[in-house]
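**Q** need a 3D model of the sequence below.
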Amino acid sequence: MNLILWRHAEAEDTASTDLARQLTTRGRKQAQASAKWLRARLPDDAVILASPATRTVQTAESLTDQYRVVREIAPDASAADVLAAAGWPDGIAPTVVVVGHQPTLGHVAARLLADSGASWPIKKSAIWWIESRTRGNDEQAVLRAAISSDLI
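**A** Predicted coordinates for the structure are as follows:
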């Protein structure tokens, strides 16, 4: 399985609720750059999961209109919630993109790649691509890519 963690792009600081915060002009540009990079690499059968927050939906929409809003990966989600929604390590699909939030995505990356309870910093609109594989009887997570929108 390929699990792609995509943090939402830059959003406004305030709105009527946290879930209502929208992308800024800069955030829309970040999302477009990241989406272009992903679009060139994603298989056609990739499943896109987005938090119900407006900023994550707008980030996902920069890639496609074929995404699912998943309440379980909202801003207060745990790493376990995200992994369950994606079906890690077997996957609900061979490739799952999770458009979500910090610190949750940082918790997922640290847990999978270092068996750590820390939350690694993930920049806005950054993409972390993690692949599951089996070596002997050992289930492993391998980092395939980690890139931020300013490097694309």
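**Q** how near is Arg7 to Gln140?
**A** Distance, Arg7 to Gln140, using C-beta to C-beta, to the nearest Å: 23 Å. (Each C-beta comes from the backbone N, C-alpha and C, glycine too.)
**Q** so between those two, which is more surrounded?
**A** More neighbours surround Arg7 than the other of Arg7 and Gln140, with 27 against 13 (other C-beta atoms under 10 Å).
**Q** count of residues packed around the nearest residue to the more buried one once chain neighbours are set aside?
**A** Counting by C-beta to C-beta, 6 or more residues apart in numbering, the nearest residue to Arg7 once its immediate chain neighbours are dropped is Ile122, at 4.9 Å. Applying other C-beta under 10 Å, we find 24 other residues in the vicinity of Ile122.
**Q** over to Ile122: give its phi and psi.
**A** Taking degrees, to the nearest 10, you get phi -130, psi 120 for the backbone angles of Ile122.
**Q** quick check: it touching Leu105?
**A** Yes - with the criterion set as C-beta atoms under 8 Å, Ile122 and Leu105 qualify as a contacting pair; they are 5.2 Å apart.
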